[in-house]
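# Quick one, what's the 3D model for this:
(one chain, ligands or ions: 2)
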Amino acid sequence: MSQVTMTVNGKAASGEIEGRTLLVDFLRETLNLTGTHVGCDTSQCGACVVHVNGKAIKACTMFAAEAEGAEVKTIEGMANADGSLGTIQQAFQDHHGLQCGFCTPGMVMSAAALLQDNPKPSEAEIRDYLEGNLCRCTGYHNIIKAILAASGQDADAIAAE
Ligand code: FES
Ligand code: FES
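Residues are numbered from 1 along each chain as shown. Ligands and ions are numbered 1, 2, ... in the order given. Just a heads-up that it's a prediction; the model follows:
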């Protein structure tokens, strides 16, 4: 066992880990940040996406030890300071971008990373960026609408389903 220390959602966080402990397990089991989900064991679903030093990563593909000293942001860090939904979260709610919600944390974190790099993505760019996030419920249409809306664009400009 060894100690790892990182900043998570703006606060110092540390804990005991084994060398094999994945970042997603450290977040969920040690820090109790269970908003980051695990939806597969093959690194395909994207339910576990968080930001590490500003970049979206699948937290099941990284050892916790590799995040030593890093700035990590999870879905719990996406709300506004007063606890209300952040812009992207609100857009998902407004445009029915979720059903069961299992994929939603990863979708929101991927969307946030996209909008950071490309504040006004086209529909095609959004679809392309979400290649690594699987949603088993929505058919993606409303997720794309939500991200268009979150970027200040017309959600209804999306191509017909
Ligand atoms: S749990 Fe990480 S990609 Fe599925
Ligand atoms: S909302 Fe159910 S998996 Fe996406």
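# Which residues of this structure lie near ligand 2?
Residues of the chain lying near ligand 2 by Cβ under 6 Å from any ligand atom: 98, 99, 100, 101, 102, 103, 104, 135, 136, 137, 138. No exception for glycine: its C-beta is placed from N, CA and C like everyone else's.
# so which one among those has the lowest pLDDT?
Of all these, residue 138 has the smallest pLDDT value, namely 84.
# Around residue 74, how many other residues sit close by?
23 (other Cβ atoms under 10 Å).
# for the protein, longest helix please?
Taking DSSP state H as the assignment, the helix of the chain that covers the most residues is helix 104-117.
# Check which element follows it along the chain.
Next in sequence after helix 104-117, counting helices and strands by DSSP states H and E, comes helix 123-129.
# Okay, buried residues for that following helix please.
Judged by neighbour count using 16 or more other Cβ atoms under 10 Å, the buried positions of helix 123-129 are 123, 126, 129.
# now stretch 54-72
56, 57, 58, 59, 60, 62, 63, 64, 65, 67, 70, 72.
# Okay, and which of those residues map to strands?
Assignment to strands by DSSP state E places the following of the buried residues of stretch 54-72 there: 56, 57, 58, 72.
# possible to save the buried residues of helix 123-129 as TSV with pLDDT?
Below are the buried residues of helix 123-129 laid out as TSV (pLDDT from 0 to 100):
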residue	pLDDT
123	96
126	97
129	97
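# Same list, the residues you listed, but as TSV with distance to ligand 1 please.
Compiled in TSV, the buried residues of helix 123-129 are given as follows (distance: Cβ to the nearest ligand atom, whole Å):
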residue	distance to ligand 1
123	24
126	19
129	15
